[in-house]
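[1] build the 3D model from these lines:
(one chain, ligands or ions: 1)
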Amino acid sequence: MQRVNLGNTGEQVSALCLGSMWMGTATDKAVSWSLLDRFRQAGGNFIDTANCYAWWAGPQFNGDESENVVGEWMQARGAREEVFLATKVGARPRHPQRLWDRDGNADWERAPSEFEYLSPAAIRSAIEGSLRRLHTETIDLYYVHIDDRSTPQEETLYALDCLVQEGKARYVACSNLRTWRLERARGISVARGWAPFVAIQQEYSYFRPRPGADFGVDLHADDELLDYLRANPEVALVAYSPLLKGIYDDPEKRERFYNWHWFNTADNLARLETLSVMARQLGVSNNQLVLAWLLHHPRPQVIPILGASSLAQMEHNLEALSIRLDPGQMETLDRAG
Ligand SMILES: NC(=O)c1ccc[n+]([C@@H]2O[C@H](COP(=O)([O-])OP(=O)(O)OC[C@H]3O[C@@H](n4cnc5c(N)ncnc54)[C@H](OP(=O)(O)O)[C@@H]3O)[C@@H](O)[C@H]2O)c1
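    Now for the predicted structure:
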């Protein structure tokens, strides 16, 4: 697998990152290990987890599960040295068991009121848990998972810098931040000589959400962020949910997708048409072509995070690495809609 620069850190990470959100919960340990093994065999080294994945998969879970699976796998395979390991702090509920409604559904409306957020004490406690579960002494890329408007950014950023000084994190990054909050955070860190955010992890895919779309604490990379990142290539864009849960080939999956109402627009139907025509010409699936489009995205460069619930999906998605798109094809895809 090709390697790409992570911003201007000098670190080379695999062009695809592997997401582990469902590992240890919806995806059992055996399948999870097969996904991790296959990704490693394909040359992937960039792995993404969080200290809350995936409490919402069931009332028996608390958010330790994904880090536990990744940590045990790295230990068993002796793979820690070759992995560029990312995890996150901030969105872990203090009492996940209180977030289940009477119908047995995870209550996402109330979840933010339970999050640990980003105070220095929360960060300090969270990193110790992550290091323990991941069987490691350092996290390569430590993200704040969400914004926290009630803790002064200075306090969060100083706490993160302390972790870097202590060697518990090598780089810090953010996820689900508005552009102005990212810019402000970087300004503070640079002025104080603290470790600045080197990456932002935001939802990003070929379909564009309808203006005003509200995904709760999740944020989609918007034009303003893309413009900011073009002008600030020292901040890498890591794209989560690049396949929007795998909806590009399957109309029923689109209808079932809980955010489809935010994407069901004339703009995206036109993009789907262009995508489908080109995918047929190239003999690939729409999902594969979306991944290839992201991998060819020149400015800002995008590192998509693969989600796969089976080895077959993983194989299918890895094939996107060998699709070659020329500038004309990229322009056709970019201009659609
Ligand atoms: N920072 C954040 O707030 C945040 C939020 C979300 C995710 N993430 C990270 O990003 C990673 C990926 O996110 P995601 O799972 O939302 O990614 P995604 O690409 O939107 O969705 C992955 C899902 O799409 C389906 N899929 C994958 N490949 C497919 C294929 N070839 N054909 C048909 N369906 C396919 C599978 O669902 P089925 O099982 O239904 O088939 C799979 O679980 C996560 O693991 C996590 O590390 C971060």
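
[2] going forward, measure contacts and count neighbours with C-alpha atoms only.
    Noted.

[3] and for the residue of the stretch 1-150 of the chain at minimum distance from the ligand, the neighbour number?
    For the stretch 1-150 of the chain and the ligand, the shortest gap (C-alpha to the nearest ligand atom) falls at Gly19, measuring 3.2 Å. Applying other C-alpha atoms under 10 Å, we find 23 residues neighbouring Gly19.

[4] again, but for the one 10 residues further on
    Per other C-alpha under 10 Å, the neighbour tally for Lys29 reads 20.

[5] likewise for Leu141?
    23.

[6] what's the spacing between the closest residue to Ser241 other than its chain neighbours and Lys245?
    Spatial nearest neighbour of Ser241, chain neighbours left out: Glu203 (5.7 Å); criterion: C-alpha to C-alpha, 6 or more residues apart in numbering. Going from Glu203 to Lys245 by C-alpha to C-alpha, to the nearest Å gives 11 Å.

[7] what is in contact with these two at once?
    Overlap of the contact sets of Glu203 and Lys245 (by C-alpha atoms under 8 Å, 6 or more residues apart in numbering) is empty.

[8] which of the two has more neighbours?
    When Glu203 is set against Lys245 and neighbours are counted by other C-alpha under 10 Å, the residue ahead is Glu203, at 22 against 15.

[9] show me the contacts for that one.
    Neighbour list for Glu203: 218-221, 239-242 [criterion: C-alpha under 8 Å, 6+ apart].

[10] picking up where we left off before, okay, and the beta partners of the residue of the stretch 1-150 of the chain closest to the ligand?
    Asp48 (DSSP bridges).

[11] quick check: it touching Ile303?
    No. Applying C-alpha atoms under 8 Å as the test, Gly19 and Ile303 come out as separate, 11.6 Å apart.

[12] sorry, back to before: and the pLDDT for the residue of the stretch 1-150 of the chain closest to the ligand?
    pLDDT, Gly19: 98.

[13] one step back: phi, psi for the residue nearest to Ser241 please.
    Backbone torsions of Glu203, given as degrees, to the nearest 10, read phi -70, psi 140.

[14] bridged to it, which residues?
    According to DSSP bridges, beta-bridge pairing links Glu203 with His220, Tyr240.

[15] quick one: the helices in the stretch 101-250 of the chain?
    Here the stretch 101-250 of the chain has its helices, by DSSP state H, counting those that start in this stretch, at 111-114, 120-133, 153-166, 179-192, 223-231.

[16] right, so the ones you listed: which one is the most enclosed?
    Of these, the one with the most neighbours on average (mean count of other C-alpha atoms under 10 Å) is helix 153-166, at a mean of 19.

[17] against which helices or strands is that helix packed?
    With contacts defined as 3 or more C-alpha pairs under 8 Å, 6 or more residues apart in numbering; DSSP states H and E, the packing partners of helix 153-166 are helix 120-133, strand 169-175, helix 179-192.

[18] my read: Gln2 touches Ser14, true?
    Yes. Under the criterion of C-alpha under 8 Å, Gln2 makes contact with Ser14 at 5.9 Å.

[19] and the two? Which one has more around it.
    Ser14 (23 against 12).

[20] residues in the protein within reach of the ligand, list them.
    Residues of the chain lying close to the ligand by C-alpha under 6 Å from any ligand atom are 19-21, 48-49, 145, 175, 201, 218, 240-246, 305-309, 313, 316-317.

[21] buried among those residues? Need that as a selection in PyMOL.
    Burial among the residues of the chain next to the ligand is assessed by 16 or more other C-alpha atoms under 10 Å; the matching PyMOL selection reads:
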select buried, resi 19+20+21+48+49+145+175+201+240+241+242+243+244+246+305+306+307+308+309+317
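
[22] taking the residues of the chain next to the ligand one by one, which sit in strands?
    Using DSSP state E, 19, 48, 175, 201, 240, 305-306 are the members of the residues of the chain next to the ligand that sit in strands.

[23] pLDDT value on the spatially most central residue of the chain, please?
    Taking C-alpha atoms, centre = their mean, the centroid of the chain lies closest to Tyr240, which sits 3.6 Å from it. Per-residue confidence at Tyr240 stands at 98 (pLDDT).

[24] got the contact list for it?
    201-204, 304-306.

[25] make CSV out of those and add pLDDT.
    Formatted as CSV, the contacts of Tyr240 follow (pLDDT from 0 to 100):
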residue, pLDDT
Gln201, 98
Gln202, 98
Glu203, 98
Tyr204, 98
Pro304, 98
Ile305, 98
Leu306, 97
